[in-house]
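Chemist: Here is a sequence with its predicted model. Questions after.
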Amino acid sequence: MLLAVNILLWLVVAVLAFVAALRGRVLFTDGMRDGILEFLCLLPRIGAGVIGSGFIAEILPKAAVASWIGPGSGLIGVLIATLGGALTPGGPVVGFAIGAAALKSGAGAPQVIAYSTAWALYAIHRLVVWEVPMMPARVVWLRALVSLPLPFLAAGLATALALP
Amino acid sequence: MAETVTPTRRRRAFDVSTAVIAGAAFAAAAAVYLRDGQEHFLAIFGSDLALFGEMLPKVLAGCLIGAFVTMILPRELVARWVGHESGFSGLLVAAFFGFLLPGGPITIYPVAGAFLVMGADAGAVVAFITAWTLCGYTRALVWELPFFGPHFVIWRIVEAIPLPLIAGLLARLALRAGVTGKPGR
């Protein structure tokens, strides 16, 4: 499965690079350069996130995690997870690293989904740092407002569909 | 009117949130070392390192896909499409493009801003950003998959499919109820 994902991703890269190359050499080299630079800048973040998640999972108090946001914690657990997600700082790895650590330490799947959904949609840090400078503020707050129930809906759908 | 908004990329290898997670990782690693000894520390470190190595080719591929699509995709065409479709189909089109477009917040918010300029309503923009955030495939493949595994990620994305449309509809309802007035341009 993971190998298939890798093959698929690199096939997409090959097709896009080919299309870019057809349009001109400059476009192709620019794309390669941009992509590789982006990758190099992301390396320290991913390294910290991935290597951190294993250690953080290890020291999380498993009994507390399980009772606060475990599979039996129900709606209260979803609420706690949602609040946690909103307060987690942005960046591409942080929320996933913490969510994966919580899952390893006994958190319930719907609660982890509520956490990562809330973090993805309205982590306060990301709204302020990224979205407000680039979008009309009213649209940002409208989006945050209507997103408030989504982690609960996601957790509800997750419970209804049941993790296979 | 149809000016492409070119995102200015802000490249920083280290920022505040990375510093936070790095600090937490360091503290957690030290705690594990002191509590459980070197052997256990090295076992965890080894499996994390293996996960890291497994991620790298995917992350590189994701970065290249993002860079090429940003260059190839006719942004103004997409914006015109989303801007001119209205009603429920407008939400569907916006959510579909949110799913399709790769890249990080640096590329996505300027596109969303362009939608507004092209005449898209705030509901469509909300559906677009929500779909990109929750169902975007590059994000899921590159970032989420290594942490959670394919089973969990596919399941999460499937149950997230209705959410962008719900968010878009809620945004329109909120606008109609006069929550925020007309979106600013």
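Modeler: Thanks, I have it.
Chemist: switch to C-alpha atoms for all contacts and neighbour counts from now on
Modeler: Fine.
Chemist: residues of stretch B:145-165 that come out buried?
Modeler: Within stretch B:145-165, the residues scored as buried using 16 or more other CA atoms under 10 Å in any protein chain shown are B:145-148, B:150, B:152-154, B:156-157, B:159-161, B:163-165.
Chemist: If you could redo that for stretch B:87-95, that was the one I meant.
Modeler: Buried residues in stretch B:87-95, counted by 16+ other CA under 10 Å: B:90-95.
Chemist: Any idea how far it is from the middle of the chain?
Modeler: How far stretch B:87-95 lies from its chain's middle: 19 Å, per CA atoms, centre = their mean, to the nearest Å.
Chemist: Quick one: residues in contact with it.
Modeler: B:81-85, B:123-125, B:127-132, B:164-165, B:168 (CA atoms under 8 Å, 6 or more residues apart in numbering or on different chains).
Chemist: and the buried residues of stretch B:87-95 as CSV, adding pLDDT and secondary structure?
Modeler: Converted to CSV, the buried residues of stretch B:87-95 look like this (pLDDT from 0 to 100; DSSP: H, G, I helix; E, B strand; the rest coil):
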residue, pLDDT, secondary structure
B:Gly90, 88, helix
B:Leu91, 92, helix
B:Leu92, 92, helix
B:Val93, 91, helix
B:Ala94, 91, helix
B:Ala95, 93, helix
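Chemist: thinking again about what came up before, ok, so of the buried residues of stretch B:145-165, who is nearest B:Ala25?
Modeler: The closest of the buried residues of stretch B:145-165 to B:Ala25 turns out to be B:Phe147 (CA to CA; 15.5 Å).
Chemist: And for A:Ala102, nearest residue in space, chain neighbours not counted?
Modeler: Computed as CA to CA, 6 or more residues apart in numbering or on different chains, the closest residue to A:Ala102 that is not its neighbour in sequence is A:Ala57, at 6.4 Å.
Chemist: so who does that neighbour touch?
Modeler: Contact partners of A:Ala57, counting by CA under 8 Å, 6+ apart, are A:98, A:100-102, A:104-105.
Chemist: Equivalent analysis for B:Tyr33, please.
Modeler: B:40-41.
Chemist: re the thing from before, per-residue pLDDT, the residue nearest to A:Ala102?
Modeler: pLDDT recorded at A:Ala57 is 81.
Chemist: Output the host helix or strand of A:Ala144 as PDB - backbone C-alpha positions only.
Modeler: Secondary structure assignment for A:Ala144, by DSSP states H and E: helix A:137-147. Extracted as PDB, the C-alpha positions of helix A:137-147 are listed here (Å, rounded to 0.1, in the frame of the first residue of the first chain):
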ATOM      1  CA  ALA A 137     -10.900  39.500   7.800                       C
ATOM      2  CA  ARG A 138     -14.700  39.100   7.600                       C
ATOM      3  CA  VAL A 139     -14.400  36.000   5.400                       C
ATOM      4  CA  VAL A 140     -11.800  34.600   7.800                       C
ATOM      5  CA  TRP A 141     -14.000  35.000  10.800                       C
ATOM      6  CA  LEU A 142     -17.100  33.800   8.900                       C
ATOM      7  CA  ARG A 143     -15.200  30.700   7.900                       C
ATOM      8  CA  ALA A 144     -14.000  30.100  11.500                       C
ATOM      9  CA  LEU A 145     -17.500  30.600  12.800                       C
ATOM     10  CA  VAL A 146     -19.200  28.100  10.400                       C
ATOM     11  CA  SER A 147     -16.300  25.600  11.000                       C
END
